[in-house]
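Enquirer: sequence isn't available, so here's the structure alone:
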């Protein structure tokens, strides 16, 4: 469960993907309140994250169809020197420098 790993950090890309999945303002408010309650840090994209993500896309798009959002999320975790908790580990397994923890909801 997520709450067992509190507090944790999320990429701004993950944040935006979650918000885009919201059905209404009520869901958004619940999400934002939960972020505050859990003291979640949203990690921003900076020059180092951008450069690393760009290299990942160059290296893995043609061979593994690595998408921009996944490259940015992986680069954010690596630059933060943290692991990536994900249910979509197949999107990231080609990135050997990324520490992946599988999440099964």
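Expert: Structure received. These numbers were taken from a predicted model, which means no experiment stands behind them.
Enquirer: check which helix or strand the residue of the chain most remote from its centre maps to.
Expert: Distance from the C-alpha centroid of the chain, by CA atoms, centre = their mean, peaks at residue 26 (23.3 Å). If you go by DSSP states H and E, residue 26 is part of helix 25-37.
Enquirer: relative to residue 31, how far out is the residue nearest the centre of the chain?
Expert: By CA atoms, centre = their mean, the chain has its centre lying nearest to residue 73, at 4.0 Å. For residue 73, the distance to residue 31 equals 18 Å [CB to CB, to the nearest Å]. Any C-beta I mention is one placed from the backbone N, CA and C, and that applies to glycine too.
Enquirer: what about this structure, any weak spots by pLDDT?
Expert: Filtered on pLDDT under 70, the chain yields the residue ranges 1-4.
Enquirer: ok, which stretches of it are helices?
Expert: Along the chain, counting by DSSP state H, helices occupy 12-20, 25-37, 47-64, 68-79.
Enquirer: which helices and strands does the third one pack with?
Expert: In this case it means helix 47-64. helix 68-79 (3 or more CB pairs under 8 Å, 6 or more residues apart in numbering; DSSP states H and E).
Enquirer: thanks again, I'm all set now.
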